[in-house]
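A.B. asks: show me how the following folds:
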Amino acid sequence: MQSEEDVFTVPELANYLRMKPITIYKHVAGGKLPGFKVGSQWRFKKRTIDNWIEEQEKTNLRIRAHKKN
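C.D. replies: Numbering: from 1, shown residues only. You can find the predicted model right below:
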């Protein structure tokens, strides 16, 4: 079962990612960040965000490796 600690609000995610809340809103609205709405408020599963971070790292490594060639 998932606990409250496994789901972030926008301010909590902003703190976790060390970003400003407005940037979180822009990224999620633009489809760059995975999230879901509960009523009118955005929520983010920690597991999904952690997986997203790993995918961003892999993508960035591939891009950098491709640029070197």
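A.B. asks: who does the host helix or strand of Glu55 touch, helix- and strand-wise?
C.D. replies: Taking DSSP states H and E as the criterion, the element that holds Glu55 is helix 46-68. The criterion is 3 or more C-beta pairs under 8 Å, 6 or more residues apart in numbering; DSSP states H and E, and the helices and strands that helix 46-68 contacts are strand 7-8, helix 10-17. To be clear about C-beta, it is placed using only N, CA and C from the backbone, and glycine gets the same treatment.
A.B. asks: now these in JSON lines, with mean pLDDT and distance to Lys32?
C.D. replies: JSON lines is the format used below for these (pLDDT from 0 to 100; distance: least, C-beta to C-beta, whole Å):
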{"stretch": "strand 7-8", "mean pLDDT": "98", "distance to Lys32": "16"}
{"stretch": "helix 10-17", "mean pLDDT": "98", "distance to Lys32": "12"}
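A.B. asks: what's the most buried one of the ones you listed?
C.D. replies: With neighbours taken as mean count of other C-beta atoms under 10 Å, the helices and strands packed on helix 46-68 reach their highest mean count in strand 7-8, at a mean of 20.
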